[in-house]
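K.L.:
sequence first, then the predicted structure, then my questions.
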Amino acid sequence: MTELRNCPILSASDVGALLRQVDALSAMRSAFRALGEGRAVQPEDADVILLCTSSGTPVLDPNRLRKPALITSISTNVPRAHEIPPERLREMDVYCDLRETTPRTSGEMQIAAAEYGWAETSLAGDLPELVTKRVPPPGYRRPVFFRSVGLGIEDIAIANALRTVHTTSGVSE
């Protein structure tokens, strides 16, 4: 298993509850750090960023990162909830948990399609396509955004799996 060293957690709710879930993955526990409740942060050097809010305004601008990172959004299905600026989707490799549903329920994707010309046809892939290798894994030449409307603990496992692929594929950091 790849050792993760810098995995900030931003949550507007109970960071402790999320960390207790992460404790189940004890080998990864030391890599996580909570960044605080409801404040805008910029984890510029992170490899993996887990956004865990129900924010209706961006909490992270991927353009401020120093290097391409995997950004997962595991927010709620609150109408139009979004954690990154929707206009940034055109500048990222975008994946989701399920191509057939996520673009119609994700606030980022809804707003990006309605206001910024983003199209769901530009999705790089979804979870079933990644798992079955019907789409290539992220190349990390630009930020990677994985939007899920699923369970947070599953998203942590997905983030680790994608990071493992990134690390073992020989892509330099």
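P.N.:
Perfect, thanks for sending it.
K.L.:
switch to C-alpha atoms for all contacts and neighbour counts from now on
P.N.:
OK.
K.L.:
nearest residue to V135 other than its sequence neighbours?
P.N.:
Distances taken as C-alpha to C-alpha, 6 or more residues apart in numbering place E129 nearest to V135, at 5.7 Å, with adjacent residues excluded.
K.L.:
name the SS class of the one you found, please.
P.N.:
helix (DSSP: H, G, I helix; E, B strand; the rest coil).
K.L.:
from F146, how far out is it?
P.N.:
13 Å (C-alpha to C-alpha, to the nearest Å).
K.L.:
who's more crowded, the two?
P.N.:
F146 (25 against 18; other C-alpha atoms under 10 Å).
K.L.:
quickly list what the more buried one is bridged to.
P.N.:
T72, Y95 (DSSP bridges).
K.L.:
so it sits against E83, correct?
P.N.:
No: counting by C-alpha atoms under 8 Å, F146 sits too far from E83 to count as a contact (11.8 Å).
K.L.:
joint contacts of those two?
P.N.:
Taking C-alpha atoms under 8 Å, 6 or more residues apart in numbering as the contact rule, F146 and E83 both touch S73.
K.L.:
what segments of the protein are strands?
P.N.:
In the chain, the strands defined using DSSP state E lie at 7-11, 32-34, 48-52, 70-73, 93-96, 125-126, 144-147.
K.L.:
now tabulate the ones you listed in CSV and tack on mean pLDDT and distance to E87.
P.N.:
Compiled in CSV, the strands of the chain are given as follows (pLDDT from 0 to 100; distance: least, C-alpha to C-alpha, whole Å):
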stretch, mean pLDDT, distance to E87
strand 7-11, 60, 21
strand 32-34, 53, 27
strand 48-52, 85, 17
strand 70-73, 90, 15
strand 93-96, 96, 12
strand 125-126, 93, 19
strand 144-147, 94, 13
